[in-house]
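J.: my questions are about this predicted structure, shown below with the sequence.
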Amino acid sequence: MSIFGIVLVAVAMGLLLRPSRPRPNIVLVVLDTVRADHLPPYGYPRDTAPFLSGLASRGVVFDRAFATSSWTSPSVASLFTSVYPFQHGVIWGMKRMREAGFRFNHLPATLETIPEALKKAGYSTFAVSDNINVSPVTRFDAGFDRFESASNASSEAVNKRIKKWRPDLERAKPYFLYIQYMDAHAPYKARAPYFDRFMADGLPAIERPDFVAAYDSEIHVMDDRLKGLFEALDWDRDTVLIVTADHGEEFWDRGRGGHAHSLQNEVLRVPLIVYGGRFPPGRVEAPVGLVDILPTLRELAGLPADHRNEGVSLMPALSGTSRRWTDRTLYAHLLTFGGRDGPETAVHEGIIQGRWKLISTGGVSTLFDIVADPRELRDVSARNPEVVRRLQDAYRAFATTSRTYTEQPATEQLPPESVEQLRALGYIK
């Protein structure tokens, strides 16, 4: 072959191998304790998140996104690993400890996490978590080039840390940045001017409207902080921004407040909004889960699928080629304890298939049509025994045949300030 021919072949190969678009920065924001139905993109009448509403109008909104549990440790572990709580084993963590000698689960080293995967794809990896359950103590820092951990320091404090990294982020492109804001977690603060505005609007008509107004005001503050960071770091260019939550919150929906009590929609249904110029705006009706985020990011970064992942890539939905599939099966798990430190009192199991959601606790099952009844007010198990049996069998088959990666719990003495942080957040008494 002549020199000219060799040059032509080399040029052609270069064009074929050149990526069609540069890899984007990826920013994953977890709004701790934010239930989907307290955000305007999901029909909430209060304007709790004007900035996020604007992003949603230009991005992709997943209408039916579900966490895998109703508190932080198991849910974020599933987000990071794309497996379910009964597989990764992070099911009680620091929430279930004695003050003298803390035993807790940590992320299994045999599972590849989001930051570990993206590092393989050439990404620099950064994180600031404001929740002590997502920290180096529980091995959530694995795969991060830089990981800073706080405990309910506020979204303002989180933003200050990230803004200091701006020169490093600019040099590190493409980068992956994980942020966990904690403001909406109890105890709520009445944030001005939003609290007074929400107290005056008469919504909602419940026993303690001040609790909800304070919670909603915290959401608005996080929305303001996210807007500020978005503008400061120029995320309108070359960046895919994913906003979700680890779980929701109960406001006397079933006679109680808080979370980690059940697998009902008020704590399991979370927002999932993806913004980036490469995706056509729209809404996705199909049920999806936090377990789908890692496979999605793998495909976005040009990585092959990981056979260990239980989730699926959402790239077809993001690209607009398929936004209506309904044959998904999603699972949820919660271990609840009685008394101050235990003992174990109940295992809650959940399964979602299409329009159906089954919750089983202590051998008692309830069934909901979450399309016709998204607030899960009507148990229809008695009218649909065949659906109950089918979903029970499906959960049992998956839970008994799926691969598990659990490791022995670790034991560590935490410093007094960490114990006080846990107590302030309600994780210990």
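T.: Okay, I see it.
J.: from here on, contacts and neighbour counts on C-alpha atoms
T.: OK.
J.: what's the first helix or strand after the biggest helix by length in the chain?
T.: Identified as the longest helix of the chain according to DSSP state H is helix 209-232. Remark: after helix 209-232, the chain's next helix or strand is strand 239-244, criterion DSSP states H and E.
J.: residues contacting the helix or strand that comes right after that following strand, please?
T.: For strand 239-244, the following helix or strand on the C-terminal side (DSSP H and E) is strand 250-251. Around strand 250-251, the neighbours that count as contacts under Cα atoms under 8 Å, 6 or more residues apart in numbering are 212, 256, 257, 258, 259, 266, 267.
J.: packing partners for the longest helix of the chain?
T.: Helices and strands touching helix 209-232, by 3 or more Cα pairs under 8 Å, 6 or more residues apart in numbering; DSSP states H and E, are helix 50-58, helix 155-164, helix 194-200.
J.: list of residues touching stretch 272-279?
T.: With Cα under 8 Å, 6+ apart as the criterion, stretch 272-279 contacts 55-56, 58-63, 65, 236-245, 318-320.
J.: if you set the cut-off to 7 Å instead, what comes out?
T.: 55-56, 58-62, 65, 239-244, 318-319 (Cα atoms under 7 Å, 6 or more residues apart in numbering).
J.: next: stretch 363-370.
T.: Contacts for stretch 363-370 (Cα under 7 Å, 6+ apart): 355, 356, 357, 358, 359, 360, 376, 378, 379, 380, 381, 388.
J.: what about the last one, which helix or strand?
T.: Here residue 388 sits within helix 385-401, counting by DSSP H and E.
J.: ok, the fifth one next?
T.: With secondary structure defined by DSSP H and E, residue 359 is part of strand 356-361.
J.: pull out the buried positions in the next helix or strand after that strand.
T.: The helix or strand immediately downstream of strand 356-361 is strand 364-369, counting by DSSP H and E. Residues of strand 364-369 classed as buried: 365, 366, 367, 368, 369 (neighbour count, 16 or more other Cα atoms under 10 Å).
J.: if I look at the first one, how far off is residue 264?
T.: Pointing back at residue 365 there. According to Cα to Cα, to the nearest Å, residue 365 and residue 264 sit 12 Å apart.
J.: with the fourth one instead?
T.: Residue 368 sits 10 Å away from residue 264, taking Cα to Cα as the criterion.
J.: pLDDT at the closest residue to residue 73 other than its chain neighbours, what is it?
T.: Spatial nearest neighbour of residue 73, chain neighbours left out: residue 133 (5.9 Å); criterion: Cα to Cα, 6 or more residues apart in numbering. Residue 133 carries a pLDDT value of 88.
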